[in-house]
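*Asks:* The following comprises the amino acid sequence and a computationally predicted model.
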Amino acid sequence: ILELRRTRRTRKRTEMNFEIIDNVFQVAVFFAAALGDMVYWFYKRDRLYIILALVHSCFMMGTLYFVLHLVIRGVVPQVFYVSEISWIASYLFMHTYQIVRYRIKKIRIAKIPVICGAGVLIASMWSGIFGPVFLTTGIFAMVAGVIVFIAVFRILYEKEPHGVCYCMIVCVVLEVALYVSSNFIHDYTKFNLYFLIDFVLTIVNMLLLPCTVWEVSRDDVY
């Protein structure tokens, strides 16, 4: 049985009030972000916005499946590969964004970026972020580590706007922190640190779009 986002809880429907609020908010924000991505792609014809749309859409669909199960069935789904695959795919597309956006840059091994990336990888594996299945947790851990490595490298060694890099680092760190916090929080019927992290994660992920618009407008690469 996979233990994904809140799978440790088996509460009744009436006890899930704030968890439903949290997930509905997340679905609405990511849906709006995906629409914004598509609008900018329509006007700019820049594939970066298509990739962002995939980032936001994958996260939205995974959460949508989760919240629908909560609302309809009244319990946390115990096995749901749809959400797991969707959430991992979101970070895979986030890394794809890095590959496309920074394809002309030469990335080299540097001490601080390697330490940061390795730290995220180790923390992800330790937290069991996608349950006891090594494959899913390992995939996320490796992708998250690479995302952080590239983002930190650009911040330290390249003189360009780094709004997107900061957003990606914060998204990965908050994602790991979300799961770590779930080990210590057991009451999910009221607002607490867990939901605060989730709200901030959602907003920061959405900020990838305005940061991309601002950064791309400052150069003539695309």
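*Replies:* Perfect, thanks for sending it. What you see is a predicted model; the values in this text were computed from it and never measured. Numbering: from 1, shown residues only.
*Asks:* how near is the residue lying closest to residue 162 once chain neighbours are set aside to residue 166?
*Replies:* In space, and not counting its chain neighbours, residue 162 is closest to residue 155: 4.9 Å by C-beta to C-beta, 6 or more residues apart in numbering. For the C-beta atoms, the positions are set from N, CA and C on the backbone; glycine is no exception. Using C-beta to C-beta, to the nearest Å, residue 155 is found at 7 Å from residue 166.
*Asks:* what helices or strands is the helix or strand encompassing the residue nearest to residue 162 leaning on?
*Replies:* Residue 155 is located in helix 134-157, with elements delineated by DSSP states H and E. Where contact means 3 or more C-beta pairs under 8 Å, 6 or more residues apart in numbering; DSSP states H and E, helix 134-157 is packed against helix 81-101, helix 111-127, helix 163-182.
*Asks:* In CSV, list those helices along with mean pLDDT.
*Replies:* Converted to CSV, these look like this (pLDDT from 0 to 100):
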stretch, mean pLDDT
helix 81-101, 88
helix 111-127, 91
helix 163-182, 91
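*Asks:* ranking the ones you listed by burial, who's on top?
*Replies:* helix 163-182 (a mean of 21; mean count of other C-beta atoms under 10 Å).
*Asks:* Report the inter-axis angle for whichever helix or strand comes after that one versus helix 81-101.
*Replies:* Using DSSP H and E, the helix or strand that follows helix 163-182 in sequence is helix 193-206. Orientation note: helix 193-206 sits at an angle of 40 degrees relative to helix 81-101 (axes from the mean of the first three to the mean of the last three C-alpha atoms, to 10 degrees).
*Asks:* Buried ones in helix 193-206, by neighbour count?
*Replies:* Within helix 193-206, the residues scored as buried using 16 or more other C-beta atoms under 10 Å are 194, 195, 197, 198, 199, 201, 202, 203, 204, 205, 206.
*Asks:* Farthest pair within those residues?
*Replies:* 194 and 206 (19.3 Å; C-beta to C-beta).
*Asks:* ok, now how distant is residue 215 from residue 165?
*Replies:* The gap separating residue 215 from residue 165 is 9 Å, by C-beta to C-beta.
*Asks:* And residue 118, by the same measure?
*Replies:* In terms of C-beta to C-beta, residue 118 sits 18 Å off from residue 165.
*Asks:* and if you look at residue 113?
*Replies:* 11 Å.
*Asks:* What is the helix or strand harbouring residue 69 packed up against?
*Replies:* Using DSSP H and E, residue 69 falls within helix 47-73. Judged by 3+ C-beta pairs under 8 Å, 6+ apart, helix 47-73 is in contact with helix 17-44, helix 81-101, helix 193-206, helix 208-217.
*Asks:* what bits of the chain have low per-residue confidence?
*Replies:* 1-17, 73-81, 103-105, 128-133, 219-222 (pLDDT under 70).
*Asks:* quick one: the helix holding residue 69 to helix 81-101, angle?
*Replies:* Inter-element angle recorded for helix 47-73 and helix 81-101: 170 degrees (by the same axes, to 10 degrees).
*Asks:* Can you give the distance of helix 47-73 from its chain's centre?
*Replies:* Relative to its chain's centre, helix 47-73 lies at 11 Å (C-alpha atoms, centre = their mean, to the nearest Å).
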